[in-house]
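# Provided below are the primary sequence and the corresponding predicted coordinates.
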Amino acid sequence: MKEFRFLVFVIILIEVGIFACGLRVVYNRHTYRTMFIQLEREQQTYHSLIDELNRAKVELASLEQPSNIVSSAKFQGLAPVNNNEVVIIHPTPSLKNPSSNGSAGAKPTKGAAVP
């Protein structure tokens, strides 16, 4: 009789262990699936950011060309440049060049408005 009770106890213990292992497998699969979905989302975000970076590099390279600056300004609705209002600022004369007239940097060009 004792042997029978011992065998029933061992069988119940094995069944509980198998049930716990089954629950753990289901939980792990759920966790892995959730992580996989999150990884896919992060990869999509990464690829979209890489695409945006490449577009920004192309746009920056195209904006560095002077002809594109004017067309971009017109596209954004900025006023066209009036040559009578343009002021060219010359760099400050250096100490190595004593032949400069000693003016302090800004020289308006002919016909330009003084700020």
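Thanks, I have the structure now.
# longest helix of the chain, counting residues only.
In the chain, taking DSSP state H as the definition, the longest helix is helix 2-63.
# so where's this structure shaky on pLDDT?
Along the chain, the model assigns pLDDT under 70 to residues 62-64, 66-70, 72-73, 76-88, 93-115.
# which elements pack onto the longest helix of the chain?
Under the contact criterion of 3 or more C-beta pairs under 8 Å, 6 or more residues apart in numbering; DSSP states H and E, helix 2-63 touches helix 66-75. For every residue, glycine as well, the C-beta is placed using N, CA and C.
# quick one: neighbours of residue 90, just the number.
Burial of residue 90 is recorded as 11 neighbouring residues (other C-beta atoms under 10 Å).
# likewise residue 60?
When neighbours are defined as other C-beta under 10 Å, residue 60 has 9 of them.
# now do residue 15
10.
# I'd like the distance between it and residue 8.
11 Å (C-beta to C-beta, to the nearest Å).
# likewise residue 58?
For residue 58 relative to residue 8 (C-beta to C-beta), the value is 75 Å.
# where does residue 91 sit: helix, strand or coil?
At residue 91 the chain is in coil, as set by DSSP: H, G, I helix; E, B strand; the rest coil.
# any idea how far it lies from residue 31?
Here residue 91 is placed at a distance of 64 Å from residue 31 (C-beta to C-beta).
# repeat that for residue 45.
Distance, residue 45 to residue 31, by C-beta to C-beta: 21 Å.
# check residue 71 too.
Distance of residue 71 to residue 31, computed by C-beta to C-beta: 53 Å.
# same thing with residue 47?
For residue 47, the distance to residue 31 equals 25 Å [C-beta to C-beta].
# before we move on, what about residue 11?
Distance check for residue 11 against residue 31: by C-beta to C-beta, it reads 30 Å.
# again with residue 65
52 Å.
# same thing with residue 52?
Shown here: residue 52 relative to residue 31, a distance of 32 Å by C-beta to C-beta.
# kindly report the same for residue 19.
Applying C-beta to C-beta, the value for residue 19 to residue 31 is 19 Å.
# kind regards, and thank you for your time.
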